Each structure stands twice: as C-alpha cells, then as structure tokens.
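In: I'll drop the sequence and a predicted model, then ask my questions.
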Amino acid sequence: MDAAVLVLLYGNPPKILMVRKNCLVSGRFSCDLAFPGGHIKKDETYIEAALREAWEEAYVFPRYVDILGEMEVHETASQPKVRVLPVIGMLKGPIDAKPMDSEVDYVIWVSLDSIKEPRLVFHPVRGYVNGFMLPGNLVIWGLSYRIINDLKQKEFIKLRSS
C-alpha cells in the first residue's frame, strides 16, 4: 500500500469531508476534490497516515475521529499507479475544518445523498471527465468517485470491533 485517505463521516444523513487540491499548484492532483490523505511514511500505519494527512490538510484533530474500519484498496487510474487504502472514520467531536496546507485550497462537507450517477462534466484542469459536479464547479471524479460509490454500496472490507 502506498497511501491512505480518511473518509470522515458526520451527521445523519451522512456527510463526508473532502478537500480540493490547490488549483494554483501544478501537480498530479491539481484542482481535484479528494479525501484528505497521502503517502504512508516509514514506520507509520495506514491509520496514522490517514489521520496525519487529515490534520495537515484540513485541521481535523485526530482525537475527534473514531476509526470504524477500512475499505478495499483502490488504485489510481493514471500512471504511476498509487495503491490507496480508504480509512473510514466518524467525527465524534467539534472541529473547524479548513485548509491547513498550501496543497489544499478548499474544504467542504458533502452530503452522500447528493452525489448521483457520474456523467461528462468539465474539470477546470483536466477538461471533460466522467464525474459529478457540485455547486461551485467542484468536480468529484476518478478515485474519489469510486471510493464514494463503494461507500454508498457499503462495500467495506473490514470493520473494527470496539
């Protein structure tokens, strides 16, 4: 596994926390709406990596996250492929989610119920992609969309026992 992301749930109906990778920073994920996450450091567990990245990118205090389990490993479609483990967490305390790093320029809670079937939409960096458009021209597509779709289908691989 190369990377981990935190799929942070909150409320009923459930919302998920997403970040937009900075549109002004040139890079592989520029302007993508994604889950807070990144590469796993040496001697770091995938849960530690997901929580660290959520702190670094969106000001999510790790102590306010109850880890529920993880999903199957997903891979990016683009080369080089990155194997990503989505870690599922439930928010259990107050946070003021906001961009904390120059890598992120926007943080948003998205209602799972609002995300519908993908269609051809315009991404500000990639052009037309198969995804879902949120208000404000925020595009969910690719790996993030596949994770959300699996989450909506409740395709968890393992839930932790408390």
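Out: Everything's here; your move. Just so we're clear, the structure is a prediction, and the values are computed from it rather than from any experiment.
In: For the rest of this, base every contact and every neighbour count on C-alpha atoms.
Out: Will do.
In: chain center to the longest helix seen in the chain, what's the gap?
Out: If you go by DSSP state H, the chain has its longest helix at helix 46-58. Counting by C-alpha atoms, centre = their mean, to the nearest Å, helix 46-58 is centred 11 Å from the centre of its parent chain.
In: List the contacts of the residue nearest in space to the middle of the chain.
Out: Per C-alpha atoms, centre = their mean, the C-alpha nearest to the average position across the chain is that of residue 35, at 1.2 Å. Contacts for residue 35 (C-alpha atoms under 8 Å, 6 or more residues apart in numbering) come out as 5-7, 17-19, 144.
In: excluding its backbone neighbours, what's nearest it?
Out: Closest residue in space to residue 35, ignoring its immediate chain neighbours: residue 18 at 4.8 Å, by C-alpha to C-alpha, 6 or more residues apart in numbering.
In: how close does the one you found sit to residue 144?
Out: As for residue 18, its distance to residue 144 is 9 Å (criterion: C-alpha to C-alpha, to the nearest Å).
In: quick one: which of the two has more around it?
Out: residue 18 (26 against 22; other C-alpha atoms under 10 Å).
In: I'd assumed residue 109 was in contact with the more buried one.
Out: Yes: using C-alpha atoms under 8 Å, residue 18 is in contact with residue 109, at 6.3 Å.
In: Quick check: the residue nearest to the centre of the chain vs residue 43, distance?
Out: 22 Å.
In: where does residue 114 land on pLDDT?
Out: Note for residue 114: predicted pLDDT of 92.
In: go on, residue 159?
Out: As predicted, residue 159 sits at a pLDDT of 47.
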